[in-house]
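**Student:** pasting the structure only:
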DNA sequence: GGTTTAATCTCGCTG
DNA sequence: CAGCGAGGTTAAACC
């Protein structure tokens, strides 16, 4: 990885056009040819960038550019599209290189998949007479997160989200519409389960006869710990 | 901005938990307290990070950590939440600081707003007898991107996307349902216009009697250039 | 400050 | 390879 602190202006041409006026910035050049242009602010997103695979070509600036003070004209060309990033270098204040090797990568815990696994194991959180049919129940328009049965044997389709908004309710509605055409399952109820449910989503769900359940991930994980300690 | 090349392990605790095993990485420390952990690969997204506002505190490593080779224990604490990033520093290979100042910021062209402006000006792209009623036509559930009339005087609601997927069709459907309750507008047709429309979205739209139109931004911008050259 | 929506989204999985 | 859904989405616009 090469890190350059430089006074530069940057132009992106591709899916859209974007321009950064002259200022001092960090240019991060990665081994795969990608380039990130960062300022001292904003969030993790660079001001401008080129995704890999790409190739950096350092060109001579034109006479006009030299007149404006440009020392180097960098062209970062995407390998598969005609997207490109044009970086005019006015002055380089620092330029360091380091070999970082390949990163072992990030290990996550607490994403939707973990929530789904826990809810499948603790399906009675939705009702103490509930039983699991299966996770990722396949349908023509995609898998239903969880299919369960209540005490009366009626089917229940569960849509699971970490954050429940209107989209999730729409998604569950489409599944319910489809599942209720199946004479072997019909009638199928819907449960919208999430760690947090927005008021608008709750209203829409209620409007469509869909039950809402908020889940406590820490508590659910605690239940597992308790179980594993007991057994 | 401070840039540190270090052998480190990183743990994030907050909305989820995530862990990065020991490896050599770039740590970018910004003036607002935010920290980005980058490897030499991936895309513009850091492996792990803390968003601003945040505060970095350098603590002494515990005896156990010292035994494992940890020299410094960094704690990056979010100012408003209890999210935090714990960085164990094993060895620092480089450490540079630069004052970048405030960035003048990015100027963009070609986002949805530009597309909407162009389509409003060139509404006949949807049909040569079309006329514009207004952009951002207000309704109770939010503004319709464009409202137009066809040659017969019938209303047409246009939902505009750069990339047309199923969500856009759902959105337009909700608008149409509402608009068709208005006796002054009824009947209202729907047009789903995007630079690219996914097959699934096209199928759903067709199923609901919504017309799909793909737009060529470059051509539309070219039309303006042509006009401005003519007049 | 909350809410909604776009994004050069990125990332991972599945068929 | 495309398509689809999740994301510590992030970030900007609007109310």
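**Tutor:** That came in fine, so what should we check first? As the structure is a computational prediction, the values presented were derived from the model and not from experiment. Numbering: from 1, shown residues only, chains lettered A, B, ... in the order given.
**Student:** give the contact list for the residue in chain A that DNA strand D sits nearest to.
**Tutor:** Here the residue of chain A nearest DNA strand D is residue A:43; by Cβ to the nearest atom of the strand that distance is 2.5 Å. To be clear about C-beta, it is placed using only N, CA and C from the backbone, and glycine gets the same treatment. Contact partners of residue A:43, counting by Cβ atoms under 8 Å, 6 or more residues apart in numbering or on different chains, are B:34, B:49, B:51-52.
**Student:** same check, this time on residue A:174
**Tutor:** Taking Cβ under 8 Å, 6+ apart as the contact definition, residue A:174 lies against residue A:141.
**Student:** What mean pLDDT does stretch A:200-211 get?
**Tutor:** If you average the pLDDT over stretch A:200-211, you get 86.
**Student:** can you tell me if that stretch touches DNA strand D.
**Tutor:** No - contact of stretch A:200-211 with DNA strand D (Cβ under 7 Å from any atom of the strand) is absent, the minimum separation being 12.9 Å.
**Student:** my guess is residue A:154 contacts residue A:189, does it?
**Tutor:** Yes - using Cβ atoms under 8 Å, residue A:154 and residue A:189 qualify as a contacting pair, with a distance of 6.4 Å.
**Student:** Of those two, which one has the most company?
**Tutor:** Using other Cβ atoms under 10 Å in any protein chain shown as the criterion, residue A:154 and residue A:189 rank with residue A:189 on top: 17 against 13.
**Student:** before we move on, which element is the more buried one in?
**Tutor:** Assignment of secondary structure by DSSP states H and E places residue A:189 within strand A:188-197.
**Student:** Neighbouring strands - and their directions - for that strand?
**Tutor:** According to DSSP bridges, strand A:188-197 forms sheet pairs with strand A:155-164 (parallel), strand A:211-214 (parallel).
**Student:** So what's the gap between that strand and the chain middle?
**Tutor:** Centre-to-centre, strand A:188-197 and its host chain are 21 Å apart (Cα atoms, centre = their mean, to the nearest Å).
**Student:** quick one: average confidence on that strand?
**Tutor:** Across strand A:188-197, pLDDT averages out at 89.
**Student:** Using neighbour counts, pick out the buried residues of the very next helix or strand once past it.
**Tutor:** Read in the C-terminal direction, the helix or strand following strand A:188-197 is helix A:199-207, with elements assigned using DSSP H and E. The neighbour-count check on helix A:199-207 (16 or more other Cβ atoms under 10 Å in any protein chain shown) flags A:201-202, A:204-205 as buried.
**Student:** Show me which pair in these is furthest apart.
**Tutor:** Spatial extent of these (Cβ to Cβ) is set by the pair A:202 and A:204 at 7.4 Å.
**Student:** Quick check: closest non-adjacent residue to the residue nearest to the spatial centre of chain A.
**Tutor:** Closest residue to the average C-alpha location of chain A: residue A:111 at 10.7 Å, with Cα atoms, centre = their mean. Computed as Cβ to Cβ, 6 or more residues apart in numbering or on different chains, the closest residue to residue A:111 that is not its neighbour in sequence is residue B:16, at 6.1 Å.
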